[in-house]
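A predicted structure for the sequence below; I have some questions about it.
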Amino acid sequence: MLRLVALTLLAAAACWAPDPLDHPNLSAPAAPPVTIPSPDAAESAPVVSDGRPALAWTRAAPLTLVRAGGAPAVTLDRYGVRVNVLQQQAHRVRVRCEGCDPAHQAEDLWLQAGQLSAGPAAGADPLSAALRLRAQWAAGEGPGGAGAADALCALLDAGFAWTTDEARFAWGGGSLLLQFEGADWQIGELTPPAEAPSHRCAVSPSGGGVAPAAGAAAPESG
């Protein structure tokens, strides 16, 4: 009888797992990142040329950027956050996160390869729709007025929260809602930001990075 009780207790213990909510010193595992599907992701990947940084945007969330030693620096819970790609290796990429909060914009950080897009893909995904809209603003076209183009690009570069048929952007007091209607994404709401951006829309003519706004220091190419 005692042997049967002991075996029952051992079986129960084997099936039990601690609940992180019951144990403050234990943390639940992070949710795996969800990547925006893209049929031509390889073709739209950023390429660093002649040591010049390449402009790109994140395609996955949540996405953790780490420091050189591997310590986590920031976890992005938004898609489409702008980065400057400084160095590419086989399995990881060194970036400056221009679309991050100011506290992390000047840091050299690393992320896994395959999580970035350098331009819109052929599919009707929200990141590609946002990048096509951004290209219009960079050319002085598109809704919102040419005078607000840099601030509107900064609004997109801060990233978005994505549900099945909505993508919501918010930065500097401005907001943008993209809604999936028919076969593509359309602007549902747009309020230009009041905050002045630190960088302009346009990619610099030297071949990489983002042209700094007047009075702003250009990012190091590290």
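That came through, no problem. Residues are numbered from 1 along each chain as shown.

Please name the nearest non-neighbouring residue to residue 129.
Ranked by C-beta to C-beta, 6 or more residues apart in numbering and with sequence neighbours excluded, the top spatial neighbour of residue 129 is residue 185, at 3.7 Å. Every residue, glycine included, has its C-beta placed from N, CA and C.

and the one you found, helix, strand or coil?
For residue 185, the assignment made with DSSP: H, G, I helix; E, B strand; the rest coil gives strand.

list the contacts for it?
Listed by C-beta atoms under 8 Å, 6 or more residues apart in numbering, the contact partners of residue 185 are 124, 126, 129, 130, 167, 178, 179.

Make a markdown table from the residues you listed and add neighbour count to it.
Formatted as a markdown table, the contacts of residue 185 follow (neighbours: other C-beta atoms under 10 Å):
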| residue | neighbour count |
| --- | --- |
| 124 | 12 |
| 126 | 23 |
| 129 | 20 |
| 130 | 24 |
| 167 | 24 |
| 178 | 24 |
| 179 | 14 |
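
among these, which are in helices?
Counted as lying in helices by DSSP state H, out of the contacts of residue 185, are 126, 129, 130.

From those, pick the one nearest residue 65.
Nearest to residue 65, judged by C-beta to C-beta, of these is residue 130 at 20.2 Å.

The biggest strand by length in the chain - what's its average pLDDT?
Scanning the chain for the strand with the most residues, using DSSP state E, yields strand 79-88. Per-residue pLDDT over strand 79-88 has a mean of 93.
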